[in-house]
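Whatever this is, show me its structure:
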Amino acid sequence: MSLLLSTHFQLAIESLRKNRGRTFLSALGIAIGVSSIVLILSLTGGINRLVSTASDKNNANLILVRPSNGKDIAENIISELTSSNQYSKSDLTLEDVDTIKAIKGVETATPLAISTANIRIGDKTTQPISILATSTNFARSSGLNLKNGQFLESSLQDNVAVVGYKAAMSIFGTTDALTKTFTYNGQHFMIVGVLEEIDDPINYNNIDLDNSIIININYASTFESSIQIQQINVRTSNSDAIAEVSEKITSELGKAKNGSNSFTLISGNNNLQPTGSLLSIISGMLTVIASISLIVGGVGIMNIMLVSVSERTREIGIRKAVGASAGNILLQFLFESIILSILGGIFGFALGYIFAFLISLVTPFAPYISWEILGITGGVTLIIGILFGVYPAAKAALKDPITSLKYYR
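Just a heads-up that it's a prediction; the model follows:
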């Protein structure tokens, strides 16, 4: 049996060598599909690993209080995809922050109100930029470091601001932006601090701090009609207090809001769960789209194999005449289809990781390499080879030997 399989393999290789150009183009169709899937899986794996790393950094005693619309996680993820601001109807208030601060076991409670607006520098208006209104303890509770200057200390005037590293470069052309001024919502602000450049683009605050301006939320509440608080970061005295403090927050905020279920709590290392779920959905959608090119590649293999069967009709007749069974003929052509698909899979696997590595040079995350992706690639190419090769192989196996011997090209 092993000798027979070896013979089929050698015949398949020899046949593919005779038509190198056609073999290459057929394998290329599979390679494009496989490389797309490998690229997506490796990059999303790298992002998920980055999310996991960010989630593990000093967040064991962290509770996030966010507005809730009563929908489950999947519905909220869809909302994130279809809405520019899923928290536009948030009813979290500064009074809620004070309520949380009064709970035993709470070390800090930091509100985050995020908006996007134009600012004015002299007589020029900038492009829209993220404005984060928060409290003076935000830098300490979030572990932020300053490149120069200071944060929104209570000893400073109210109309001061801290600017992110990249925002300082894009707005003022330098990171030495201390004492520079701008106008936001009719109010004049002076820069008192510049953040150090932040390497992690994914964080539980859901904001790119590198490209943001931070102002005092208490001051912002004096000139904005309503502050939309998207999140309250609650730090407990220790990680063991997470469960108890979470129950108290739920109870106290529920009383303050007359039993309204308008908020949700995410605690501990689950703080990036919505982000991870969103990435998984996007990854799945992109993989399905990339799989279409695999199907196209499989159809290409089927087409080439049908042409090969037609061209080798006389060869099939001769083999049957000397004793080859229909099963032998089927295996011979099926082996060709499988080898063609696997060659495309190997080429696509390598190509996918090359592209992933090139993309990683301009992004903050490295591609994820695993045996699981190799196994998925191998399994998919094997299935494609069998699925799209079985019909041409069966057609060759069912040919009448007498009619085949009479065939001339």
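
domain assignment for the chain?
2-52+277-405, 60-270 (automatic domain parsing).

Starting from the lengthiest strand in the chain, tell me the next helix or strand along the chain.
In the chain, assigned by DSSP state E, the strand with the most residues is strand 106-117. Where DSSP states H and E defines the elements, the next helix or strand beyond strand 106-117 is strand 120-121.

Can you spell out which helices and strands pack onto that following strand?
Taking 3 or more CB pairs under 8 Å, 6 or more residues apart in numbering; DSSP states H and E as contact, the helices and strands that strand 120-121 lies on are strand 181-184. Yep, even glycine has a C-beta here, placed from its N, CA and C like the rest.

Which neighbouring elements make contact with the longest strand of the chain?
helix 94-101, strand 129-134, helix 138-142, helix 217-223, strand 231-236.

Can you list phi and psi of residue 362 for me?
Taking degrees, to the nearest 10, you get phi -110, psi 10 for the backbone angles of residue 362.

Next, format the domains of the chain as CSV and append mean neighbour count and mean pLDDT.
Listed next are the domains of the chain as CSV, based on neighbours: other CB atoms under 10 Å; pLDDT from 0 to 100:
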stretch, mean neighbour count, mean pLDDT
domain 2-52+277-405, 18, 81
domain 60-270, 17, 83
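
out of the helices and strands packed on strand 106-117, nearest to residue 29?
strand 129-134 (43.7 Å; CB to CB).

Which residues are in contact with residue 28?
297, 344, 347 (CB atoms under 8 Å, 6 or more residues apart in numbering).

and which of these is nearest to residue 125?
Closest to residue 125, out of all of the contacts of residue 28 and judged by CB to CB, is residue 297, at 50.6 Å.

The closest one contacts residue 37, correct?
No. Using CB atoms under 8 Å, residue 297 is not in contact with residue 37; the gap is 11.3 Å.

mind checking the SS state of residue 178?
Look at residue 178: counting by DSSP: H, G, I helix; E, B strand; the rest coil, its state is coil.

What about the closest residue to it other than its chain neighbours? Give its phi and psi, please.
Take residue 178 and drop its neighbours on the chain: the residue closest to it by CB to CB, 6 or more residues apart in numbering is residue 149, 5.0 Å away. Torsion angles at residue 149 (phi, psi; degrees, to the nearest 10) stand at phi 80, psi -150.

same deal with residue 147?
Here is the backbone geometry of residue 147 (degrees, to the nearest 10): phi -70, psi -40.

do residue 325 as well
Dihedral angles of residue 325 (phi, psi; degrees, to the nearest 10) stand at phi -80, psi 170.

now the helices: where do they sit in the stretch 1-150 of the chain?
Using DSSP state H, counting those that start in this stretch, the helices assigned to the stretch 1-150 of the chain run over residues 2-18, 20-56, 73-82, 94-101, 138-142.
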